[in-house]
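Engineer: starting from these lines, generate the structure:
(chains A and B)
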2 protein chains.
Amino acid sequence: MIKKDTKFLIVGLGLLGGSYALGLKKEGYTVYGIARRQETIDYALNHGFIDEGQTEVDEFVSKADVVVFGLYPTTMVDWVKKYKHLFKENVLITDVSGVKTNIVDVVQEELKDLPVEFISCHPMAGRETNGIEYANTDMFMKANFIITPTKRNTIEAVEFCHDLAYTLHFNHISVLSCERHDRMIAFLSQLTHVIAVSLMNTHDNSQLVEYTGDSFRDLTRIAQINENMWTELFLLNKEILLDETNQFIDSISHFRDALQNEDKDEMKRLFIQSTQRRKLFNKNDGKNK
Amino acid sequence: MIKKDTKFLIVGLGLLGGSYALGLKKEGYTVYGIARRQETIDYALNHGFIDEGQTEVDEFVSKADVVVFGLYPTTMVDWVKKYKHLFKENVLITDVSGVKTNIVDVVQEELKDLPVEFISCHPMAGRETNGIEYANTDMFMKANFIITPTKRNTIEAVEFCHDLAYTLHFNHISVLSCERHDRMIAFLSQLTHVIAVSLMNTHDNSQLVEYTGDSFRDLTRIAQINENMWTELFLLNKEILLDETNQFIDSISHFRDALQNEDKDEMKRLFIQSTQRRKLFNKNDGKNK
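Structural biologist: Numbers count the residues shown, from 1 in each chain, chains lettered A, B, ... in the order given. As a prediction, this is how the structure comes out:
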């Protein structure tokens, strides 16, 4: 497990960074914080999320044994370029980025001549809210935690991330390559957001609010989306997400054609196939337990 | 309110028909049942859903003051054509059909020379299960009930349906024309099913089960679907559903193009629009309360 005297620095105290800080403090670790706004630092101090915090980026960084970036991916890249000289020797650096392509390689390349290690992770938690005010550790308890090592990473770093996820009480911990991670996230998360957003944008539907059932609300909940973060995440994963989106458009166009042609057999075959495939996912389906 | 000595006949004791029977019995009404299989009748009798029941369609039908069809829409049309001579004079007939076009007109035309009234309703309850074993009245308590009268219906019949929905403890009761109902249901229910089914059918995704988060499960829960019922419902509402599906395909293709062109401003505009539109639906959103 993680040594009890390990000192963590969380850079970026948003929903995820704040929740990491809270979770680590709960487990008895020393936690430092850096945020852009003094109000965020004050909130984190007042709520016991951190032991010390500040808005300036200076030698304060060198107090940490482990640095966790809770920043947008491209903001993290810029930060590392600007401040990498401040890291303590042998520091372990990790992050929470939702996309790995064009991020992990860039950061590792930037740090390659320093005695530090960057290993990327994706805690698949957090939904329609932003900001430290919504930070909580409950969201980890049914979430997946994915470690995405490259050939530049050590086994020890992978094990540390595993222990970190365990310490924060994530539900399921796994290891994927960056490429497989980005393909998985494109289908399971990004495409579902594209669909929900596009459904809400199909036409004005405000007059339908009073008739809405659970299925429409379930499907469109994620159409409430942070436009800056998701634009960045989508563009970082552009080629894979385009491919998944085009495959989905092919699939729904095929269904449309079956309906147009009144091809009952094909419609039924598609319903049976979707039912069978979806049943596999039920074992993790809270509502159907 | 509905007179306490009113005798109901439920034709078709599936999930909805069975739940109607249970709900009416709970409120003290006399309930008869007709089902295709004797086992269904036995189940309904043993569980106190009905007072009397049988599989034959004969003068038993004439005992009822109110008949509720819990059948598939086209099965109901055939039933009415075959057995309409069995209805008692002044009987009120209603149903649970999810689509109104090509059904309500046909039934009313069929009955136009008889001293009976058919008024169509859509209880928007019931999800991924079928059969009387899943019958329950809890599902009514957060569901919408829609009455779809035509110019052939009386005010008294509309009021009766309102009282029926109230008696069964539906959450929200409203009145729509058949055309507006079918347009609403095409967008809010049928299109969401087309999307969920098409997403599951995009490609084999069984290897992704372990990484699935809530958003994917929420979006695809309704991909578990009764192929016979939904093929029938979709074909009955074919033209409207095709139009809604094509509008959605246009919307998602537009998003795809913005991503392809790396048009950040348009992507953000689409995210902001979907967020604003979806917020309207939050007031009824159990999870966000």
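Engineer: low-scoring stretches of the stretch 151-289 of chain A, by residue?
Structural biologist: Judged by pLDDT under 70, the stretch 151-289 of chain A has its weakly predicted residues at A:283-289.
Engineer: pick out the residue closest to the middle of chain A.
Structural biologist: With distances taken as C-alpha atoms, centre = their mean, chain A has residue A:98 as the residue nearest its mean C-alpha position (4.0 Å).
Engineer: can you give me every residue that contacts that residue?
Structural biologist: Contacts for residue A:98 were tallied using C-beta atoms under 8 Å, 6 or more residues apart in numbering or on different chains; they are A:73, A:122, A:185, A:189, A:233. Where you see a C-beta, it was placed from the backbone N, CA and C, and this is true even at glycine.
Engineer: would JSON lines of the residues you listed with distance to residue A:223 be doable?
Structural biologist: Putting the contacts of residue A:98 into JSON lines (distance: C-beta to C-beta, whole Å) gives the following:
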{"residue": "A:73", "distance to residue A:223": "22"}
{"residue": "A:122", "distance to residue A:223": "22"}
{"residue": "A:185", "distance to residue A:223": "18"}
{"residue": "A:189", "distance to residue A:223": "14"}
{"residue": "A:233", "distance to residue A:223": "15"}
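Engineer: what about these, which one has the most neighbours?
Structural biologist: Among the contacts of residue A:98, residue A:185 has the most neighbours (other C-beta atoms under 10 Å in any protein chain shown), with 26 neighbours.
Engineer: before we move on, the earlier item: next, the residue nearest to the centre of chain A: secondary structure please.
Structural biologist: In three-state terms, and counting by DSSP: H, G, I helix; E, B strand; the rest coil, residue A:98 is coil.
Engineer: do stretch A:139-150 and chain B meet at all?
Structural biologist: Yes - contact of stretch A:139-150 with chain B (C-beta under 8 Å from any C-beta of the partner chain) involves A:142, A:143, A:144, A:146.
Engineer: which among the residues you listed end up buried?
Structural biologist: Buried subset of those (neighbour count, 16 or more other C-beta atoms under 10 Å in any protein chain shown): A:142, A:143, A:144, A:146.
Engineer: from the residues you listed, which is closest to residue B:169?
Structural biologist: Nearest to residue B:169 among these: residue A:142, at 31.5 Å, using C-beta to C-beta.
Engineer: would you mind checking the average pLDDT for the helix or strand hosting residue A:68?
Structural biologist: In this assignment (DSSP states H and E), residue A:68 forms part of strand A:66-69. The average pLDDT within strand A:66-69 is 98.
Engineer: same deal with stretch A:120-137?
Structural biologist: Regarding stretch A:120-137, the rounded mean pLDDT is 87.
Engineer: would you list every one of the strands in the stretch 51-200 of chain A?
Structural biologist: Under the criterion DSSP state E, counting those that start in this stretch, strands of the stretch 51-200 of chain A are mapped to A:52-54, A:66-69, A:92-95, A:117-118, A:120-123, A:144-148, A:172-175.
Engineer: from the contact counts, what lies against whichever helix in chain A runs longest?
Structural biologist: Longest helix of chain A, by residue count under DSSP state H: helix A:238-260. Counting contacts by 3 or more C-beta pairs under 8 Å, 6 or more residues apart in numbering or on different chains; DSSP states H and E, helix A:238-260 is packed against helix A:178-185, helix A:191-200, helix A:264-279, helix B:191-200, helix B:238-260.
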